[in-house]
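Visitor: pasting the structure only:
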């Protein structure tokens, strides 16, 4: 994948065979997560997106602090998605690889 840009990395990954592997692993993760979603829909008390990772960071915090951390996580994830979209868009519009300036 030498010489691949942000715009051509997808095609190179498909040709290399990596995209099929990524698809399979994401499909397995999605199928496994359905167990948690099913339990949530049946009233288990599980919150959406809560897979039990990182709970130790919330121990000893007040409800207000926990809500603040949850909001920060949502905002940072949205900013990361916008940044990724900007990288790909800039790569396609200007046909230039990293760095984009």
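Guide: Cool, got the structure. All values derive from a computational prediction rather than experimental measurement.

Visitor: strands of this protein, start to end?
Guide: Applying DSSP state E to the chain gives no strands.

Visitor: in it, which segments are predicted with low confidence?
Guide: For the chain, applying pLDDT under 70 flags the ranges 1-3, 97-101.

Visitor: swap the cut-off to 80 and go again
Guide: 1-10, 48-54, 91, 95-101 (pLDDT under 80).

Visitor: state the phi and psi torsions of residue 43.
Guide: Main-chain dihedrals, residue 43, degrees, to the nearest 10: phi 90, psi 30.

Visitor: apologies, that question was intended for residue 59.
Guide: phi -70, psi 140.

Visitor: how far away is it from residue 49?
Guide: As judged by C-beta to C-beta, to the nearest Å, residue 59 and residue 49 stand 19 Å apart. No exception for glycine: its C-beta is placed from N, CA and C like everyone else's.

Visitor: got it, and residue 31?
Guide: 17 Å.

Visitor: who has more neighbours out of these two?
Guide: Neighbour tally, residue 31 and residue 49, criterion other C-beta atoms under 10 Å: the higher count belongs to residue 49, 12 against 9.

Visitor: list the contacts for the more buried one?
Guide: Residue 49 makes no contacts at all, as judged by C-beta atoms under 8 Å, 6 or more residues apart in numbering.

Visitor: what's it sitting at in phi/psi?
Guide: Torsion angles, degrees, to the nearest 10, at residue 49: phi 80, psi 0.

Visitor: that one and residue 73, how far apart?
Guide: 9 Å.

Visitor: likewise for residue 8?
Guide: Counting by C-beta to C-beta, the gap from residue 8 to residue 73 is 32 Å.

Visitor: mind checking which of those two has more residues around it?
Guide: Using other C-beta under 10 Å as the criterion, residue 8 and residue 73 rank with residue 8 on top: 15 against 12.
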